[in-house]
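A.B. asks: Quick one: sequence plus predicted model below, questions after.
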Amino acid sequence: MTKAERTFLFEGITPAVRAALTIDGNGQKFEECWLATDFDEFMTRLEHFAIGLGLSAYRFYPDQSPKLTALIAADVRRIVEKIGWAWTMQHVEVRGRA
């Protein structure tokens, strides 16, 4: 994965979620997820990454509220959707023509 691709995956999210990538082994979880070869393995690792990322980001805020929880969950969901799309596009096999 190039730096530009990684930047695309994590652009437009809150600083706390972006910072959460650097703690609690979330960077390693992302790498393990990205290097998965089987779709089921990828989805399992992506789920572990998403949970860890959300919990790590939540710790950055002293006043935790339902609104904050929704904001972090939305950011994590957006990241997970981008990662899933990018991983699928990298591993898809073209069959025939459209």
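C.D. replies: Looks like it arrived, so ask away.
A.B. asks: pLDDT below threshold where in this protein?
C.D. replies: Along the chain, segments meeting pLDDT under 70 span 98.
A.B. asks: what ranges do the helices span in it?
C.D. replies: Ranges of helices in the chain, per DSSP state H, are 3-9, 15-20, 26-34, 39-58, 66-91.
A.B. asks: okay, the ones you listed in a markdown table with distance to R97 and mean neighbour count next?
C.D. replies: Any C-beta I mention is one placed from the backbone N, CA and C, and that applies to glycine too. Formatted as a markdown table, these follow (distance: least, Cβ to Cβ, whole Å; neighbours: other Cβ atoms under 10 Å):
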| stretch | distance to R97 | mean neighbour count |
| --- | --- | --- |
| helix 3-9 | 27 | 12 |
| helix 15-20 | 40 | 17 |
| helix 26-34 | 29 | 17 |
| helix 39-58 | 24 | 17 |
| helix 66-91 | 18 | 15 |
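A.B. asks: Identify the residues contacting the closest residue to L55 other than its chain neighbours.
C.D. replies: Distance criterion Cβ to Cβ, 6 or more residues apart in numbering; nearest residue to L55, sequence neighbours excluded, is D24 at 7.7 Å. D24 is in contact with 52, 55-56, counting by Cβ atoms under 8 Å, 6 or more residues apart in numbering.
A.B. asks: For A36, grab phi and psi.
C.D. replies: Main-chain torsions, A36, degrees, to the nearest 10: phi -60, psi 140.
A.B. asks: show me the contacts for it.
C.D. replies: With Cβ under 8 Å, 6+ apart, A36 has these contacts: 42, 45, 87.
A.B. asks: Pick the one among those residues closest to E32.
C.D. replies: Nearest to E32 among those is R45, at 5.4 Å by Cβ to Cβ.
A.B. asks: All set, thanks.
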